[in-house]
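[1] I need the structure of the sequence given here:
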Amino acid sequence: MKLLNYFTAGYQVVKELRRQRRFNRAFLVNYLSELENKYQGIFSEEQLFKINKYYGLLIGPILCGSYKMLYGQPFTEEERKRATLFGILTPLGDDLFDVHHLPIEKISALTFEPDQYQAALFAEKVVKEIQSALLHEVPNKDAYIQASRDVLDLQVATTAQTSPDMEKDQLLKITYRKGAVSVIIYHQILSTAADEQMMKVLEEVGGLYQLGNDLFDVYKDTRDGIYTIPNTCKDFKELKTSFVSKVKYMNGLINALPFSKNRKEKFKIIMNSINARSMVAIDEWITFQNKYGTGINLKSVERKALIIDMEKPALFIKWLYYMWKLPRLI
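    Numbers count the residues shown, from 1 in each chain. So this is what the prediction gives:
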């Protein structure tokens, strides 16, 4: 793998982040204010944080921009707007399910027939407007609807993660599928829908990403009574072996795509930037288990011991090491 591709991949992400920040200043800030005035409500601090710092800032450039780079196509302003709108939709949709406990029948109607939906809550009104706009604007409507249906099905399935009796295999299946549908739907708002070969790549990318999210959310998930692969893991060394195997499989699928070698290498580098963070987290959990043992009740452990601080210099250096290593695994 060419060293130059590591620099050009980094430049790709930085370039798209700069464009997204300019777009957010020109569109997102004003649009959020317009929604609050129009529907006489306010976004919570947590919702604004997720929109401004994550879904509405990072996901578009990192995921959508990387997909388009892989295809050798520009990430257009129309696509960027749809990705940003979906960045608003994501946390509000989650809150309708998790916070407001809206019946699944209502969420389904809001998702697939928003124009006819009678919205009452502020979040419902915002979701209605954005989902209606996306359904009218996405070039590949059928692909977007199917992706939306998959996301909705997984929201229902994840309720099983509140049961301590859930089988490990089922928990693993839900984890990987939840991540898969999350990255697939961002692809399906683009001008080109993912074909079967690309879908297999996205399933692996998303599955690894979701497991990575859970590695950093052990404290929160344990506090909230949600069972995940990490907070039920009895052997993180074994999990590390499995994770590396999955990374190799993902890299192999990317290598088989019908695109230029250079673009595929840069795509692997960008996709593995998140996996590299996850590898650092796994190493930290291995250290945790060496110290506390495998049978400890995580609820009895102080919060500080369950939080992984990636800003520590030692962890940042280790992240760079895995950033170099993971894209090269086959």
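[2] show me how far the longest helix along the chain is from its chain's centre.
    In the chain, taking DSSP state H as the definition, the longest helix is helix 261-292. In terms of C-alpha atoms, centre = their mean, to the nearest Å, the centre of helix 261-292 is set 15 Å apart from its chain centre.
[3] in it, what counts as buried?
    The neighbour-count check on helix 261-292 (16 or more other C-beta atoms under 10 Å) flags 263-273, 275-285, 288-289 as buried. C-betas here are computed from N, CA, C, even on glycine.
[4] hmm, who's touching the next helix or strand after that helix?
    Once the chain leaves helix 261-292, the next helix or strand it forms, by DSSP states H and E, is helix 313-325. With C-beta atoms under 8 Å, 6 or more residues apart in numbering as the test, helix 313-325 has contacts from 6, 269, 272-273, 275-277, 279-280, 283-284, 308-310.
[5] and if we set it to 6 Å?
    276-277, 279-280 (C-beta atoms under 6 Å, 6 or more residues apart in numbering).
[6] also stretch 263-279?
    Contacts of stretch 263-279 from elsewhere in the structure, counted by C-beta under 6 Å, 6+ apart, are 1, 5-6, 8-9, 66, 70, 205, 208-209, 212, 215, 247, 251, 254, 257, 319, 322-323, 326-327.
[7] filter these down to the buried ones, PyMOL style.
    The PyMOL command for the buried members of these (criterion: 16+ other C-beta under 10 Å) is given here:
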select buried, resi 5+6+9+66+70+205+208+209+212+215+247+251+254+257+319+322+323+326+327
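[8] buried ones in stretch 222-229?
    222, 227-229.
[9] should've said stretch 302-310
    Residues of stretch 302-310 classed as buried: 306, 308 (neighbour count, 16+ other C-beta under 10 Å).
[10] now it: mean pLDDT?
    Confidence over stretch 302-310 (mean pLDDT, whole number) is 92.
[11] so what touches that stretch?
    Judged by C-beta under 6 Å, 6+ apart, the contacts made with stretch 302-310 from elsewhere in the structure are 216, 218-219, 281, 284.
[12] redo the residues you listed as CSV? Include distance to residue 124.
    Compiled in CSV, these are given as follows (distance: C-beta to C-beta, whole Å):
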residue, distance to residue 124
216, 30
218, 32
219, 31
281, 36
284, 40
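[13] any idea which of the residues you listed is closest to residue 81?
    Proximity of the contacts of stretch 302-310 to residue 81 was ranked by C-beta to C-beta; the top entry is residue 216 with 29.4 Å.
[14] against residue 204, how distant is the closest one?
    19 Å (C-beta to C-beta, to the nearest Å).
[15] and for residue 196?
    Distance check for residue 196 against residue 204: by C-beta to C-beta, it reads 14 Å.
[16] the more surrounded of those two?
    Comparing residue 196 with residue 204 by other C-beta atoms under 10 Å, the one with more neighbours is residue 204, at 22 against 6.
[17] doesn't residue 251 make contact with the more buried one?
    No - at 9.1 Å, residue 204 and residue 251 do not qualify as touching, with contact defined as C-beta atoms under 6 Å.
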